[in-house]
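Colleague: okay, here's the prediction I keep looking at, along with the sequence it came from:
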Amino acid sequence: MAKTFLRELAVTHHVAGKSNRQIYEILSAKVTIQTISRWIREYCQFGKADHSVSPGRPISVVNHVNIRKAKRLFAVKKFPMSVMVWIGVTEFSCTKPHFAPKGSRVNTKLSRNTILRSV
């Protein structure tokens, strides 16, 4: 028997006042009691015997066009080249910004001679 016919038959017996267990026995165990309970619950909720929600995998929006759109939305833009800037802070004032050349390291000698000397 087709599932839609079994569903309609179960709902008809429910309307007639039969319990889920009695409907299960009438259908001679073709479907489980849980399925019958779900059918009855959906009938009571929505008021119709047919299946309103399609079974299986939901229709999704995952397709090639939307994947490309999503990649464009979340694409990380390249940040500008990194720049190392040092500013000395003392009790009385701040130093001018010191832009270190690319590849150089700032050590204590450089910080004393270049950065703090400008205070």
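Modeller: Yep, that arrived. Numbers count the residues shown, from 1 in each chain.
Colleague: CA only for contacts and neighbour counts going forward, please
Modeller: Fine.
Colleague: OK, contacts around I87?
Modeller: By C-alpha atoms under 8 Å, 6 or more residues apart in numbering, the residues touching I87 are C94, T95, K96, P97, H98, I115.
Colleague: ok, and the most crowded of those?
Modeller: If you count neighbours using other C-alpha atoms under 10 Å, the busiest of those is I115, which has 22 neighbours.
Colleague: how would you label T12: helix, strand or coil?
Modeller: Per DSSP: H, G, I helix; E, B strand; the rest coil, the secondary structure class of T12 is helix.
Colleague: per-domain residue ranges of the protein.
Modeller: Per the record, the chain has its domains at 3-46, 84-118, by automatic domain parsing.
Colleague: can you pull the contacts of the spatially closest residue to K30 that is not a sequence neighbour?
Modeller: Excluding the flanking residues, the one nearest K30 by C-alpha to C-alpha, 6 or more residues apart in numbering is Y24, at 7.9 Å. Going by C-alpha under 8 Å, 6+ apart, Y24 touches K30, V31, T32, I33, I36.
Colleague: could I get these as JSON lines with distance to F46, neighbour count and pLDDT?
Modeller: Listed next are the contacts of Y24 as JSON lines, based on distance: C-alpha to C-alpha, whole Å; neighbours: other C-alpha atoms under 10 Å; pLDDT from 0 to 100:
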{"residue": "K30", "distance to F46": "24", "neighbour count": "12", "pLDDT": "84"}
{"residue": "V31", "distance to F46": "21", "neighbour count": "15", "pLDDT": "88"}
{"residue": "T32", "distance to F46": "21", "neighbour count": "14", "pLDDT": "90"}
{"residue": "I33", "distance to F46": "20", "neighbour count": "16", "pLDDT": "91"}
{"residue": "I36", "distance to F46": "15", "neighbour count": "22", "pLDDT": "91"}
